[in-house]
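>>> Sequence first, predicted model second:
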Amino acid sequence: MAPSAAQFRDSIVAIMADRQAAASASPYDWKVCVGAVSAAQGEFEKVVVAGTAHDYAAAVIARLEQLRDAYYDPDGEYTSGRSDIGTVIEKIRNALKAIGQ
């Protein structure tokens with residue numbers, strides 16, 4: 001049985017925690033990386049948990065793609081933070097594929 005939107009939200013929470021830890025450990029521009037993942041977390045939290053896991057994930061991904069496309073942290077020497085948001089999006093897509101949605 002496919003997970004509910006609420007259950008899939010738990011998967012996204014775990015992805016966010018993993019990416020926040022990875023961003024904190026980044027040897028390059030860690031503050032930019034942490035800021036980008038924090039921004040992604042903030043946008044993710046705004047999405048209402050509703051519908052199927054697929055519908056919910058699609059809403060989260062759409063919101064994060066808008067953030068990624070507009071995001072730019074000028075403090076980065078090696079990154080603007082966009083790639084960190086892109087990594088979050090890709091991990092959510094992979095989690096969705098893993099449940100067959």
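Received, thanks.

>>> so Thr52 touches Ala5, yeah?
Yes - counting by Cβ atoms under 8 Å, Thr52 touches Ala5, with 6.3 Å between them. The way it works is simple: take the backbone N, C-alpha and C, and place the C-beta from them, glycine included.

>>> could you list every residue that touches the residue nearest the centre of the chain?
The structure's the chain has its C-alpha centroid closest to Val88; by Cα atoms, centre = their mean the separation is 3.4 Å. Residues in contact with Val88 (Cβ atoms under 8 Å, 6 or more residues apart in numbering) are Ile15, Met16, Arg19, Val37, Ala40, Leu64.

>>> from the chain's centre, how far out does stretch 19-33 sit?
Offset of stretch 19-33 from its chain centre (Cα atoms, centre = their mean, to the nearest Å): 14 Å.

>>> First-to-last residue distance for it?
Counting by Cα to Cα, to the nearest Å, you get 9 Å between the two ends of stretch 19-33.

>>> any residues touching that stretch, and which ones?
Here stretch 19-33 has contacts from 34, 36-38, 40-41, 73, 75-81, 84, 87-88, 91, using Cβ under 8 Å, 6+ apart.

>>> Let's see that with 6 Å instead.
Contacts to stretch 19-33, defined as Cβ atoms under 6 Å, 6 or more residues apart in numbering, come from residues Val34, Val37, Asp73, Asp75, Gly76, Glu77, Tyr78, Thr79, Gly81, Asp84, Val88.

>>> Just the buried positions in it, please.
Within stretch 19-33, the residues that count as buried by 16 or more other Cβ atoms under 10 Å are Arg19, Gln20, Ala23, Ser26, Asp29, Val32, Cys33.

>>> Narrow those residues to those in strands?
With DSSP state E as the criterion, strands contain none of the buried residues of stretch 19-33.

>>> for Lys91, what are its contacts?
Ile15.

>>> can you tell me the helix or strand for it?
When elements are assigned from DSSP states H and E, Lys91 belongs to helix 82-98.

>>> Report the buried residues of that helix.
Neighbour count says helix 82-98 has Arg82, Asp84, Ile85, Gly86, Thr87, Val88, Ile89, Lys91, Ile92, Ala95, Leu96 buried, by 16+ other Cβ under 10 Å.
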